[in-house]
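**Student:** Provide a 3D model corresponding to the input given below.
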Amino acid sequence: MQTNFTLAQLADPRVAESEKILRTCVHCGFCTATCPTYALLGDELDSPRGRIYLIKDMLENGRKATEEVVTHIDRCLSCLSCMTTCPSGVHYMHLVDHARAHIEETYERPWHDRMLRAVLAAILPYPNRFRLALAGAGVGRIALSLSRLFSGPRAPSPLRPARHPGLMRRIGAMLDLAPSRAPNRLSYESRSVFAPEGARRARVALLTGCAQSVLDPGINEATIRLLNRLGVEVVRPKGEGCCGALVHHMGHDAQSHAQAANNILAWTREIEGEGLDAIIITASGCGTTIKDYGFMFRDDPALAAKAARVSALAKDVTEYLATLDLKPARETGLTIAYHSACSMQHGQKITEAPKALLRSLGFRVKDVPEGHLCCGSAGVYNILQPEIATALRDRKAANIARLGPDAIATGNIGCITQIAGGLSARGAAIPILHTVELADWATGGPEPEKLAGAAAVRAVARAAE
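**Tutor:** Below is the predicted model of the structure:
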């Protein structure tokens with residue numbers, strides 16, 4: 001793609017990087033075939049190629065973001081399926097990240113949009129605040145149920161998402177996603193070091209995360225148990241917090257970079273202390289961002305080298321487990337539908353390791369039809385763009401239900417929450433778990449509560465068929 005940036009514009013490192021990405025695009029349109037929003041809406045401007053044209057025009061001409069640009073950039077899930085498909089290697093992720101930051105700098109959103117985004121940025125990355133918010137969600141859910149009861153059922157209509165989805169629709173989506181009760185805080189939260197069973201073979205840091213640690217702390221507990229059984233010492237570095245991904249995708253660069261810098265320094269203290277063999281990530285959305293820290297801080301003389309070292313050590317838990325020798329301790333007899341989170345398959349290019357892990361432990365693994373399409377979670381996308389997110393959720397849930405699995409495995413808390421909602425809406429009682437929970441159980445850990453005897457239930461059902 002030909003560009004016409006001035007030398008003065010290219011003096012800005014962000015513009016220079018975006019110009020390089022724009023020049024890589026050859027307008028082929030392969031990306032439109034795998035873009036979820038284009039598949040749903042059929043609008044060229046809701047495809048990666050269309051968004052690239054909008055971003056080019058905005059940045060090249062030094063324009064403030066317009067309502068049209070904001071509408072179509074906001075509808076982008078950042079699923080990165082386009083990057084997997086692109087034959088030219090267009091790094092769309094860095095381009096759309098720049099566009100979002102430019103939007104936040106130059107565009108004044110409607111008041112209700114600004115308010116909701118500020119609330120999400122102030123609560124979700126902070127576990128204690130998030131727990132407090134969930135405690136009050138029950139009251140909001142009752143009010144929402146009464147409102148829906150008196151307004152009556154909504155007739156189905158063609159998908160025509162509003163430029164600015166209504167505040168009440170967004171609040172409703174947020175309350176629908178909140179669990180009926182927050183899970184109990186688990187024992188790992190009061191400790192910082194977890195000694196391995198037997199001789200220590202490795203030492204790793206575990207990102208316990210923000211939203212995941214509140215919504216499903218059992219994922220971290222299963223990870224610690226499994227790694228300790230394999231001889232791996234697990235540490236929770238002092239001062240570690242949110243990785244910055246949630247606000248980064250909203251264009252809040254200052255907040256996301258501050259959160260990332262905080263973690264880089266926390267992990268660096270461990271690296272330069274007793275040392276780390278890896279930084280283990282159990283939420284693939286976090287993993288994609290952490291592996292990009294080296295790029296994010298490439299021009300920061302104080303943090304560039306440390307950020308690059310952190311990115312090199314970051315491993316998805318299934319990626320790390322593939323380097324260890326796991327042996328099954330029980331027969332599970334379960335058929336698993338494996339949902340590959342977008343941040344896993346497109347962001348980190350990890351496609352086979354999780355499935356190979358499950359198969360090695362005796363699970364039968366099925367791929368989900370249209371597996372390249374996003375489930376609609378995408379950080380806080382399912383709150384900010386509820387209509388598109390719900391359509392994608394229902395499409396994903398239908399594809400999974402057709403497989404008739406005993407359970408579903410995935411590697412991202414957002415996908416777990418989103419798909420569980422879609423299955424519930426269909427009346428499909430299929431448990432969905434993190435891949436590491438199944439691995440822990442198969443190698444001698446306790447049966448996950450969500451599984452609740454799924455193998456026995458399915459065995460009876462099959463016998464009756």
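**Student:** for A133, give its distance to L175.
**Tutor:** 11 Å (CB to CB, to the nearest Å). (C-beta placed from N, C-alpha, C; glycine too.)
**Student:** can I take it that L159 is in a strand?
**Tutor:** No - when the secondary structure is assigned by DSSP: H, G, I helix; E, B strand; the rest coil, L159 falls in coil instead of a strand.
**Student:** residue contacts, it?
**Tutor:** Each residue near L159 by CB atoms under 8 Å, 6 or more residues apart in numbering is listed here: 40-41, 387-388, 391.
**Student:** can you do 10 Å?
**Tutor:** The neighbours of L159, taking CB atoms under 10 Å, 6 or more residues apart in numbering as the test, are 40-42, 387-388, 390-391.
**Student:** how about L95?
**Tutor:** The contact partners of L95, by CB under 10 Å, 6+ apart, come to 17-22, 24-25, 48, 51-52, 55-56, 59.
**Student:** and of the residues you listed, the nearest to K396?
**Tutor:** Of all these, the one with the least separation from K396 (CB to CB) is P48, at 20.0 Å.
**Student:** in which helix or strand would I find K366?
**Tutor:** Per DSSP states H and E, K366 falls inside strand 364-367.
**Student:** flag the helix or strand of the protein with the lowest per-element mean pLDDT.
**Tutor:** Among the helices and strands of the chain, helix 454-464 carries the lowest confidence by mean pLDDT, DSSP states H and E, at a mean of 59.
**Student:** what about the longest strand in the protein?
**Tutor:** Selection of the longest strand in the chain by residue count, based on DSSP state E, yields strand 202-207.
**Student:** re the thing from before, neighbour count for the contacts of L95 - can I get that in TSV?
**Tutor:** Listed next are those as TSV, based on neighbours: other CB atoms under 10 Å:
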residue	neighbour count
E17	19
S18	27
E19	20
K20	14
I21	22
L22	20
T24	15
C25	21
P48	27
R51	26
I52	23
I55	25
K56	22
L59	22
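**Student:** which stretches of the chain have low pLDDT?
**Tutor:** 138-158, 162, 182, 185-188, 453-465 (pLDDT under 70).
**Student:** quick one, strands of the stretch 151-300 of the chain?
**Tutor:** Using DSSP state E, counting those that start in this stretch, the strands assigned to the stretch 151-300 of the chain run over residues 193-194, 202-207, 232-235, 278-281.
**Student:** same question for the stretch 351-465 of the chain.
**Tutor:** For the stretch 351-465 of the chain, the strands defined by DSSP E, counting those that start in this stretch cover 364-367, 407-410, 432-434.
**Student:** tell me which of those lies nearest to Q212.
**Tutor:** The minimum distance between Q212 and those falls on strand 432-434, with 8.8 Å, by CB to CB.
**Student:** sheet partners, orientation included, of that closest one?
**Tutor:** Using DSSP bridges, the neighbouring strands of strand 432-434 in the sheet come out as strand 407-410 (parallel).
**Student:** list the buried ones in the partner strand?
**Tutor:** For strand 407-410, the neighbour count (16 or more other CB atoms under 10 Å) marks 407-410 as buried.
**Student:** what do you get for stretch 299-311?
**Tutor:** Judged by neighbour count (16+ other CB under 10 Å), stretch 299-311 contains these buried residues: 303-304, 306-311.
**Student:** got a list of contacts for it?
**Tutor:** Contact partners of stretch 299-311, identified using CB under 10 Å, 6+ apart, comprise 13-14, 17, 205, 257, 260-261, 263-268, 271-272, 276, 279, 289-298.
**Student:** so which of those belong to helices?
**Tutor:** With helices taken from DSSP state H, the overlap with those comprises 13-14, 17, 257, 260-261, 263-268, 271-272, 289-290, 293-296.
**Student:** what subset of those residues is buried?
**Tutor:** Among these, those scoring as buried are 17, 257, 260-261, 263-268, 271, 289-290, 293-296 (criterion: 16+ other CB under 10 Å).
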